[in-house]
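Q: Below are the sequence and a predicted model for it; my questions follow.
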Amino acid sequence: VALADAPSIAARLHELGARRVALKLGDQGCYLSQAGEAYPVAAIPVACVDSTAAGDTFNAAFAVALSEGMGAGLAAAFANRAAALSVTRLGAQSSAPSRAEVDAFAVS
């Protein structure tokens, strides 16, 4: 999915009944749409070594952040940081960053 296509895709998903849409856009970040507001959340530019588990890492981090009470925008930014860290490493499970790494990456 390209960022330019995200608004129309999100609109269609809302028509089908989705209340919140989060479209992962790889190195373009993600696009959130909910309750009359929609916006992109920028990716973190990094040198990609292996993108094998980036989507899974994003999904897990997004779910964790939402479960901790973060709003969708902050949760997506957190998930983007986690995914960015994961693509700088080889492998799937071994590339997933720890919470401490994601938190430290936020201030660097």
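A: It's in. Numbers count the residues shown, from 1 in each chain.
Q: who does Leu23 bridge with?
A: Tyr31 (DSSP bridges).
Q: I'd say Phe62 and Asn80 touch.
A: No: here Phe62 does not reach Asn80: they are 9.0 Å apart, not a contact under CB atoms under 8 Å. For glycine as for every other residue, the C-beta is placed from the backbone atoms N, C-alpha and C.
Q: in the lowest-mean-pLDDT helix or strand in the chain, what counts as buried?
A: Across the helices and strands of the chain, mean confidence by mean pLDDT, DSSP states H and E is lowest for helix 99-107: a mean of 89. Neighbour counts over helix 99-107 (16 or more other CB atoms under 10 Å) mark 102, 105 as buried.
Q: all strands of this protein, in order?
A: 20-24, 30-34, 37-41 (DSSP state E).
Q: tell me the most buried of these?
A: strand 30-34 (a mean of 22; mean count of other CB atoms under 10 Å).
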